[in-house]
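Enquirer: sequence first, then the predicted structure, then my questions.
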Amino acid sequence: MAASSAGAWSWNTRTNESSWDERFHAMYDFPPEDPRTFDAWVARLHAGDRPRVLARIAEMLRTPGDDEWNMEYRAVSPDRGVLWMQGLGRAERAVDGEIESISGINLDITERKRAEEKTRESEEQLRLFFDSAPAAVAMVDRDMRYLAASRRWLQDYGLVDDVIGRCHYDVFPEIPESWKAIHERCLAGAVEASEEDPFERTDGSIQWLKWQVHPWRTAGGEVGGLIMMSEDLTPTRKWIKTQEILIEELQHRTRNLISVVEAIARQTMATTGSVEAFMTEFTTRLAGLSRVQGLLSRSDRDPITVGTLVRMELEAVGPQTTSSRTRIDGPNVRVRKRSAQMLALAFHELATNAQKYGALANDDGRLAVSWAIERNANDRASLAVEWVETGIKQRLDLAAPQRCGYGRTLIEKGLPYALSAQTTFELSEHTFRCAIRLPLEDEINGGAGG
Amino acid sequence: MVEDDFYVASSLALCLEADGIEVIGPAASVTAALDLIGRDEAIDGAVLDINLNGEMVYPVAHTLRERGVPYVFTTGYDMRSVAQHEADTPCLEKPVIATEVIAALFDRGD
């Protein structure tokens, strides 16, 4: 029997007389001389439990055969405050079935209840900690049933339903035997961890996990179960792969850029006489190269369009290029990265020439840039760009050196070579027209490489 | 010469020609390159850009190897990205200098 001894009591239901022993009297901290009545006892009951107790008594009184009295309830002692009591007893019935008396014992179970409360509180605290911990943690008992799991744990493994009480192996039927062996070893006291372990899920996907399992012990020192912690490395791995690809692309672009700068320098040098003239032209072309690099870096988020390139290069040449004398017209057409650089340089050359000796060299000339998507007989799409300058005053025919330089080579040779484009240059009395037609699908490779 | 970038191609071609070398091409794709080779020109050497707008140049290398024509690779990526079966082929990182190309092609074993 428990350390605290029981107090005995008896209550005559017909006469309402009751009696109890010294132990009982002391358990409720009744003053020594106080009467030992049923009502005195009822008065000691905690207000929150009194209705429940009285209701149970009433039920026994009116129910034939209901003879067992077994209740846990709170009482209030003037000295010690709230106490927990357990009452155990039996009813004695008369021949007619009515209860004559109920008698039994009382146990003070305050200590036990307090301990239970403390455990519940610390369990609640633990549950709260687990729940809000920014790590994926789970606690299981010896049978691998969940006692607690953090929100992160549920998130990382895509668990929707509550797992508390369920067996870890039911929640994850795909757990390999090798891992079950790990759990067994840890239940025997081992601590195990892994920096990187693939976990194949039932849907076939693989999660890469960094994990740690160790036993937790009860107050008695025995292993009560396991604590499992994991970190999902899969998003990090994906990110690292993406970074590696980006860095490779960047390296390629940088090397290519250096090659292009070298080529532009060489070609510019071939057509300029003095060092000053070279520097001016060279730095202007480098600026054009630099502008399109900015677009290329952002192009995954902001795809580059024909309109963007045309406007960018016209703006760079000067304000007169964006005045009402210039018309820019065309649908939203995205250009591939590799086309963007050459097109930008081509537009730059066209814009510069328009300003130097074309329609924008005087006050009345007009520039119209337009583009459209065209489809040929095989339904292959092309981008057709038209650059038309009207009202040109300065008569420079196509054989003139100013019109035979770097820009023309780029458009007549470079675009066809690199982008399979078809280009035309036409000059009449006061009009200059340049047409560029560029396949929108990759026709060189026949679609290879995507 | 097989190179998909116009600037790089024209620049290198200019330098090689200045050194008295006749440039066949340049070609910007595997198809165009195989076409050039197929025209039965006497080819003394080749400089091949590994990555042609996403397409790898290896089929061209293979054809040249069968004809006993020496070749070198150029790349804008890391030299480590060359395929295993071509590990013994000289690879030059861009931007390449014409003299380096000539040395790599014709000074081997001399």
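Expert: Arrived safely.

Enquirer: and the strands in chain B?
Expert: Using DSSP state E, the strands of chain B run over residues B:46-49, B:51-52, B:55-56, B:71-75, B:91-93.

Enquirer: got the buried residues for stretch A:53-69?
Expert: Residues A:53, A:56-57, A:60, A:69 are the ones in stretch A:53-69 that count as buried (16 or more other CB atoms under 10 Å in any protein chain shown). C-beta coordinates here come from the backbone N, C-alpha and C atoms, glycine included.

Enquirer: what is the end-to-end distance of that stretch?
Expert: End-to-end distance for stretch A:53-69, by CA to CA, to the nearest Å: 10 Å.

Enquirer: where does chain B dip in pLDDT?
Expert: Scanning chain B for pLDDT under 70 picks out B:79, B:108-110.

Enquirer: who does the residue most central in space within it bridge with?
Expert: Central residue of chain B (CA atoms, centre = their mean): B:Val47, 1.7 Å from the mean position. Beta bridges link B:Val47 to B:Val72, judged by DSSP bridges.

Enquirer: would you mind listing what in the stretch 101-250 of chain A touches chain B?
Expert: A:Glu248 (CB under 8 Å from any CB of the partner chain).

Enquirer: got a list of what the residue of the stretch 101-250 of chain A found nearest chain B touches?
Expert: Closest residue of the stretch 101-250 of chain A to chain B, CB to the nearest CB: A:Glu248 (6.0 Å). A:Glu248 makes contact with B:77-78, B:81 under the criterion CB atoms under 8 Å, 6 or more residues apart in numbering or on different chains.

Enquirer: one more pass at 7 Å, please.
Expert: Contact analysis of A:Glu248 by CB atoms under 7 Å, 6 or more residues apart in numbering or on different chains lists B:Tyr77.

Enquirer: and it, helix, strand or coil?
Expert: Three-state assignment for A:Glu248 (DSSP: H, G, I helix; E, B strand; the rest coil): helix.

Enquirer: ramachandran coordinates for the nearest residue to A:Leu309 once chain neighbours are set aside?
Expert: Leaving out its chain neighbours, the residue that sits closest to A:Leu309 by CB to CB, 6 or more residues apart in numbering or on different chains is A:Ala344, at 5.0 Å. Phi and psi for A:Ala344, reported as degrees, to the nearest 10, are phi -60, psi -40.

Enquirer: number of nearby residues for A:Ala344?
Expert: Around A:Ala344 there are 25 other residues, counting by other CB atoms under 10 Å in any protein chain shown.

Enquirer: OK, contacts around it?
Expert: A:288, A:291-292, A:309, A:313.

Enquirer: now the two most distant members of the residues you listed.
Expert: Greatest spacing in these, by CB to CB: A:Gly288 and A:Leu309 (10.4 Å).

Enquirer: can you map out the helices along the stretch 351-450 of chain A?
Expert: Taking DSSP state H, counting those that start in this stretch as the test, the helices found in the stretch 351-450 of chain A are A:406-409, A:415-419.

Enquirer: could you do chain A as well?
Expert: For chain A, helices defined by DSSP state H occupy the ranges A:22-27, A:38-44, A:50-62, A:110-132, A:151-156, A:168-171, A:177-187, A:234-271, A:275-298, A:306-317, A:337-357, A:406-409, A:415-419.

Enquirer: mean pLDDT added to these, as CSV?
Expert: Formatted as CSV, these follow (pLDDT from 0 to 100):
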stretch, mean pLDDT
helix A:22-27, 94
helix A:38-44, 94
helix A:50-62, 95
helix A:110-132, 87
helix A:151-156, 90
helix A:168-171, 95
helix A:177-187, 96
helix A:234-271, 85
helix A:275-298, 88
helix A:306-317, 92
helix A:337-357, 90
helix A:406-409, 83
helix A:415-419, 91
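
Enquirer: for A:Asn16, find the nearest of those.
Expert: Closest approach to A:Asn16 among those (CB to CB): helix A:38-44, 5.8 Å.

Enquirer: go through the closest one and flag the buried ones.
Expert: Under the neighbour-count criterion of 16+ other CB under 10 Å, helix A:38-44 has A:41, A:44 buried.

Enquirer: quick one: distance of it to the chain centre.
Expert: In terms of CA atoms, centre = their mean, to the nearest Å, the centre of helix A:38-44 is found 61 Å from the chain centre.

Enquirer: could you do stretch A:346-356 as well?
Expert: Averaging C-alpha coordinates over stretch A:346-356 and over its chain gives two centres that are 48 Å apart (CA atoms, centre = their mean).

Enquirer: cool, and stretch A:126-140?
Expert: Offset of stretch A:126-140 from its chain centre (CA atoms, centre = their mean): 19 Å.

Enquirer: which parts of that stretch are buried?
Expert: Neighbour-count burial for stretch A:126-140 flags A:127, A:130, A:136-140 (criterion: 16+ other CB under 10 Å).

Enquirer: contacting residues for A:Asp302?
Expert: Residues near A:Asp302 by CB under 7 Å, 6+ apart: none.

Enquirer: residue in the stretch 201-350 of chain A nearest to chain B?
Expert: Chain B sits closest to A:Ala263 of the stretch 201-350 of chain A, with a gap of 3.6 Å, by CB to the nearest CB.

Enquirer: how close does the residue of chain B found nearest chain A get to A:Arg166?
Expert: The minimum distance from chain B to chain A, using CB to the nearest CB, falls at B:Gly54 (2.8 Å). Computed as CB to CB, to the nearest Å, the B:Gly54 to A:Arg166 distance reads 50 Å.

Enquirer: quick one, which of these two is more surrounded?
Expert: Set side by side, B:Gly54 and A:Arg166 show more neighbours around A:Arg166, with 16 against 13, by other CB under 10 Å.

Enquirer: that one against A:Leu147, yeah?
Expert: No. With contact defined as CB atoms under 7 Å, A:Arg166 does not reach A:Leu147; the gap is 10.8 Å.

Enquirer: residues touching the closest residue to A:Phe432 other than its chain neighbours, list them.
Expert: Distances taken as CB to CB, 6+ apart place A:Glu389 nearest to A:Phe432, at 4.3 Å, with adjacent residues excluded. When contacts are counted by CB under 7 Å, 6+ apart, A:Glu389 is found next to A:354, A:358-359, A:365, A:367, A:431-432.

Enquirer: between the residues you listed, which is closest to A:Phe38?
Expert: Nearest to A:Phe38 out of the contacts of A:Glu389 is A:Leu367 (CB to CB; 109.1 Å).

Enquirer: burial measure for that closest one, as a count.
Expert: By the measure other CB under 10 Å, the count of residues near A:Leu367 is 25.

Enquirer: who does it form a beta bridge with?
Expert: For A:Leu367, the beta-bridge partners under DSSP bridges are A:Thr326, A:Glu389.

Enquirer: next one: the one 4 residues further on
Expert: Here A:Trp371 sits in beta bridges with A:Val385, going by DSSP bridges.

Enquirer: that one and A:Ala384 touch, don't they?
Expert: Yes. With contact defined as CB under 7 Å, A:Trp371 counts as touching A:Ala384 (6.4 Å).
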